[in-house]
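Enquirer: Predicted model follows, preceded by the sequence.
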Amino acid sequence: MKAITSSTTRHLSLVGQAQAQLQQLPQTENLLAMQRRINRRVLRDICKAHAQIQIARSSSLASSTLSSSGLVITLPIGKGEIEAAELVRELQHWYREEVRSIQVTQFEIMNSSSSSIQIEIGDADPRLFLARLLQCANKLDPCSESQLLRNFPQGDFIDFLYYQASRETHDEFLEQLPGFDSLMTAD
């Protein structure tokens, strides 16, 4: 019995050491950060693909109240366009703290108005956010007359951007991991 207990204790000790070593590796610390990076990139790329939406990182804005990883999108302005405040009210059913209307100065975003929205979805799937954004926009503009709805990228393009951003970000991440030989010599 003592041999089994001793062996089990030794094994658990080794497992504990291995877990401690794994926790020092970048992947353990960076998986959520990597997903957030993918999400920001997808949102940025989709907004860039929409001719009437302007986009900026909130870290570049002096008036930013959310964290530096958020994005600010400025919706098309004009008659028949969806107001940011209305869209935010609809989106806050799902994203209470993550989406809000903001006022930015013209020096910060060209042609800005009260139609700017700050987005911080963290590690949530950006495609789900975009689907909800479109659902809310369709509710506010059932005839799809607004520039926001008429020029929004198609679903297959959104999927393509998501898969591309995921692959490239994961490849960059994997290239930064230490090799097995360096783990064999780690203390």
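Expert: That came in fine, so what should we check first? Numbers count the residues shown, from 1 in each chain.
Enquirer: What strand or helix carries the residue most central in space within the chain?
Expert: Residue closest to the average C-alpha location in the chain (C-alpha atoms, centre = their mean): residue 39, at 2.7 Å. Taking DSSP states H and E as the criterion, residue 39 maps to helix 26-49.
Enquirer: Off-centre distance for the helix or strand following that helix?
Expert: Next along the chain after helix 26-49, taking DSSP H and E as the criterion, comes strand 54-57. Distance of strand 54-57 from its chain centroid, counting by C-alpha atoms, centre = their mean, to the nearest Å, is 14 Å.
Enquirer: Show me what the helix or strand encompassing residue 157 is packed up against.
Expert: Per DSSP H and E: residue 157 is located in helix 155-176. Here helix 155-176 is seen to pack against helix 26-49, helix 126-140 when contacts are counted using 3 or more C-beta pairs under 8 Å, 6 or more residues apart in numbering; DSSP states H and E. Glycine gets a C-beta too; all of them are placed from N, C-alpha and C.
Enquirer: Residue 149 is nearest to which of these?
Expert: When those are compared by C-beta to C-beta, helix 126-140 sits nearest residue 149, at 5.5 Å.
Enquirer: packing partners for the closest one?
Expert: Under the contact definition 3+ C-beta pairs under 8 Å, 6+ apart, helix 126-140 sits against helix 26-49, helix 84-91, helix 147-150, helix 155-176.
Enquirer: please redo it, this time with the cut-off set to 6 Å
Expert: helix 26-49, helix 84-91 (3 or more C-beta pairs under 6 Å, 6 or more residues apart in numbering; DSSP states H and E).
Enquirer: buried set for that helix?
Expert: Neighbour-count burial for helix 126-140, counted by 16 or more other C-beta atoms under 10 Å, picks out 126, 127, 129, 130, 132, 133, 136, 137, 140.
Enquirer: what packs against the helix holding residue 39?
Expert: Judged by 3+ C-beta pairs under 6 Å, 6+ apart, helix 26-49 is in contact with helix 126-140, helix 155-176.
Enquirer: Distance to residue 118 added to those, as CSV?
Expert: Converted to CSV, the helices and strands packed on helix 26-49 look like this (distance: least, C-beta to C-beta, whole Å):
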stretch, distance to residue 118
helix 126-140, 13
helix 155-176, 21
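Enquirer: mind checking which of the ones you listed is nearest residue 84?
Expert: So among these, helix 126-140 is nearest, using C-beta to C-beta, at 10.8 Å.
Enquirer: Which helix or strand in this structure has the lowest average pLDDT?
Expert: helix 2-23 (a mean of 46; mean pLDDT, DSSP states H and E).
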